[in-house]
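S.K.: Let me see the structure of the following:
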Amino acid sequence: MMTDTTPNRNIPAEFLPKIVTVFREGYSRADLRTDALAGLTVAIVALPLSMAIAVASGVGPERGLYTAIVGGFLVSALGGSRYQIGGPAGAFIVLVAACVMATGIEGLITATFLSGFLLIAAGALRLGTYIRYIPYPVTVAFTAGIGVIILVSQLKDLFGLHLPGAEPSEIVEKLGALWAARGSVTWAAVAVAALTMALILGFRRWRPHWPGMLIAVVAASVLAAGLALPVETIGTRFGQLPNLPPVPALPVLDMATLRAALPFAVSFALLGAIESLLSAVVADGMSGARHRSNAELVGQGVANIGSALFGGFCVTGTIARTATNVRAGSRGPVSGMLHALFLLGAMAVAAPLASYIPLAALAGLLVVVSWGMIERAELWGLIRGSRGDALIVAATFLLVVFRDLTEGIVTGFAIAGLVFIRRMSDAVGVEPRETEPEAARPDRVVYHLHGPFFFGAAAQVGAVLDRIGDRPSLFVIDFTDVPLIDSSGAHSFALLARRIARKGGRLALAGARPEVRRVLLAQGLHPPAVHYLATPDDPVAPEG
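M.R.: All right, here's what the predicted structure looks like:
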């Protein structure tokens, strides 16, 4: 797969949309036909899923379509991934629902609008390079936590329960309220949901290339309407869907709305950046292409602004739809743009029919999706692999499910950093070198230091240095196997040099690489207080 790194005259290569690369490589009618088929395939998957995610998020299903149409088109047209498909994502359901409860629909649109500018700023500051480094245990546990939250959020519609008041947002309270309403189960809704899930799983196993989700939702809708089942539908809860997106308009930008929306905008931007870059990495692994992370963030930012202008909510790259796009043979971003146009056509033609879709069918669809998000084999492998990974997984998962998504990510990342520091510190050691040259020089003691000597290792190795600092007149540290050192590590040697000097001894540092020596010198380790040797056995000039 060819990639383009040649910069445009005005745009650096890392910000160049992938569609420019595709057209530079040459784009034929055959490519257009292939992309049209791939775009149609993705649209068939995205149509019911976009409405289901919107309903689960507490907004009308039409807003899910606005998001997929406008946001999906702009993500493909301006993003840095060749195969990325943008739209509403299941990972945002909890955040969007919380934003709607706290600020209303207008606040949600404002938060989406603001998040677009935050994503553009993140791309312009080249933060996409660093977001990709989120540890694997954090992403697996985070995704599993989201899957659990989505699954629990669908229980009400899945069983057709009737609550006396609003459904609680906290998962423990939600489960309590649902259990208290267990006597109101609508068995027709249970049957519709079970049929939907059975058809999706059946098609996935025996006819994986068929649009199982769409077929299942259509079949459930026909059954419910034909038998006049007493189930709630899109029409009974939301009314008839419009045939076209609204005229673009600025969201509410007064100070009170901005203050209320800004925290959600930050969460949307952070989660959107992680989700979109993770999706782009998955697409790279499937196709052999290479995305431009900062261009992708800028494209996602513009897409969120565009979605908000048309009444949609937050947009991100979606892993399932992106993978479908790759498997369908997409040649580039044109398939994603066409997928958005196909959705627009479906909305214009079939919007009245969406009123017959049972909410239980959409709940069944999301239960299948959420269960697939919980990567059970990967979770179990991480838990069994090491105590550090098990701690990261447990903390991230529990915080995401019972506290807050952003808190879970940040805490998981922090714990992963501490675990990494501990592991790297364990790899550092100070060992005496017992060789013949040393035996012949009783006034000289040589210790071999190996591994990266940074602040974590400095604390661990400092006790060893303290003990050996009371030894003879010439103390040599062999830095040959030290690839790097930070200021904390260098400062520990400055303290050691002063302590040895007070006792009449001398410190010599041997085999230090140029980059290591620069850090040591910056901490005041200058000759003649400290001697720098090429090898541990080199002679040291006499004092005076």
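
S.K.: Please enumerate the strands of the stretch 301-450 of the chain.
M.R.: Here the stretch 301-450 of the chain has its strands, by DSSP state E, counting those that start in this stretch, at 316-317, 429-432, 444-450.

S.K.: which of these sits most buried?
M.R.: With neighbours defined as mean count of other CB atoms under 10 Å, the strands of the stretch 301-450 of the chain peak in mean count at strand 316-317, which reaches a mean of 32. (Each C-beta comes from the backbone N, C-alpha and C, glycine too.)

S.K.: Give the buried residues for stretch 136-149.
M.R.: Within stretch 136-149, the residues scored as buried using 16 or more other CB atoms under 10 Å are 137-149.

S.K.: hang on, I meant stretch 57-72
M.R.: Going by neighbour count (16+ other CB under 10 Å), the buried part of stretch 57-72 is 57-72.

S.K.: and the two most separated of those residues?
M.R.: Largest separation among these by CB to CB: G58 and G72, giving 21.1 Å.

S.K.: If you average pLDDT per helix and strand, which one of this protein comes out bottom?
M.R.: Lowest on mean pLDDT, DSSP states H and E among the helices and strands of the chain sits helix 436-439, with a mean of 46.

S.K.: Dihedrals phi and psi, G86?
M.R.: Backbone torsions of G86, given as degrees, to the nearest 10, read phi -100, psi 160.

S.K.: Quick check: closest non-adjacent residue to it.
M.R.: Leaving aside its chain neighbours, G86 sits nearest to V75 (2.9 Å; criterion: CB to CB, 6 or more residues apart in numbering).

S.K.: Which phi and psi values does that neighbour adopt?
M.R.: Phi and psi for V75, reported as degrees, to the nearest 10, are phi -60, psi -40.

S.K.: who touches it in this structure?
M.R.: V75 makes contact with 84-87, 276, 299-300, 303, 315, 317, 336 under the criterion CB atoms under 8 Å, 6 or more residues apart in numbering.

S.K.: Please apply the same query to P208.
M.R.: Here P208 is in contact with no residue (CB under 8 Å, 6+ apart).

S.K.: repeat that for 10 Å
M.R.: Under the criterion of CB atoms under 10 Å, 6 or more residues apart in numbering, the contact partners of P208 comprise R327.

S.K.: Shouldn't it be within a strand?
M.R.: No: counting by DSSP: H, G, I helix; E, B strand; the rest coil, one finds P208 to be coil, located in no strand.

S.K.: Flag the shaky bits of the stretch 251-400 of the chain, pLDDT-wise.
M.R.: Within the stretch 251-400 of the chain, no stretch has pLDDT under 70.

S.K.: burial of the closest residue in space to Y136 that isn't next to it in sequence, as a residue count?
M.R.: In space, and not counting its chain neighbours, Y136 is closest to L382: 7.9 Å by CB to CB, 6+ apart. Look at L382: counted by other CB atoms under 10 Å, it has 20 neighbours.

S.K.: cool, A54 as well?
M.R.: 26.

S.K.: Name all residues that make contact with it.
M.R.: For A54, the contacting residues are 60-68, 88, 93, 96, 238, 312-313, 362, by CB under 10 Å, 6+ apart.

S.K.: That one: which element?
M.R.: Following DSSP states H and E, one finds A54 within helix 29-56.

S.K.: roughly how far is the helix or strand following that helix from the heart of the chain?
M.R.: As assigned by DSSP H and E, the chain's next helix or strand after helix 29-56 is helix 61-66. Taking CA atoms, centre = their mean, to the nearest Å, one finds the center of helix 61-66 at 24 Å from the center of the full chain.

S.K.: what's helix 61-66 packed up against?
M.R.: If contacts are counted by 3 or more CB pairs under 10 Å, 6 or more residues apart in numbering; DSSP states H and E, helix 61-66 sits against helix 29-56, helix 93-124, helix 234-238, helix 293-309, helix 334-350.

S.K.: Specify which residues of this structure, grouped into ranges, have pLDDT under the cut-off.
M.R.: 1-11, 132, 433-443, 456-472, 542-544.

S.K.: Just the helices from the stretch 351-500 of the chain, written as ranges.
M.R.: For the stretch 351-500 of the chain, applying DSSP state H, counting those that start in this stretch gives helices covering 359-373, 376-385, 387-402, 405-426, 436-439, 455-468, 487-502.

S.K.: how big is the angle separating the second one from helix 387-402?
M.R.: Angle between the axes of helix 376-385 and helix 387-402 is 130 degrees (criterion: axes from the mean of the first three to the mean of the last three CA atoms, to 10 degrees).

S.K.: Please enumerate residues in contact with helix 376-385?
M.R.: With CB under 10 Å, 6+ apart as the test, helix 376-385 has contacts from 136-137, 139-141, 143-144, 375, 388-394, 397.

S.K.: For that helix, list every residue counted as buried.
M.R.: Buried residues in helix 376-385 (16+ other CB under 10 Å): 378-379, 382-383.

S.K.: Closest to V519 out of these?
M.R.: Nearest to V519 out of the buried residues of helix 376-385 is L382 (CB to CB; 34.9 Å).

S.K.: Let's have the buried residues of helix 376-385 in TSV, adding distance to L118.
M.R.: Output for the buried residues of helix 376-385, formatted as TSV (distance: CB to CB, whole Å):
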residue	distance to L118
E378	30
L379	31
L382	31
I383	34
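
S.K.: returning to what we had before: please tabulate the strands of the stretch 301-450 of the chain in CSV and include distance to D31 as additional columns.
M.R.: Shown next, in CSV, are these (distance: least, CB to CB, whole Å):
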stretch, distance to D31
strand 316-317, 22
strand 429-432, 57
strand 444-450, 54
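
S.K.: So which of the ones you listed is nearest L525?
M.R.: When the strands of the stretch 301-450 of the chain are ranked by proximity to L525, the top entry is strand 444-450, at 14.1 Å, counting by CB to CB.

S.K.: and of the buried residues of stretch 136-149, the nearest to P432?
M.R.: Ranked by distance to P432 (CB to CB), the buried residues of stretch 136-149 are led by P137 at 37.3 Å.

S.K.: Please report the distance of that closest one from L214.
M.R.: 35 Å (CB to CB, to the nearest Å).

S.K.: L229 now?
M.R.: Between L229 and L214 the computed distance is 20 Å (CB to CB).
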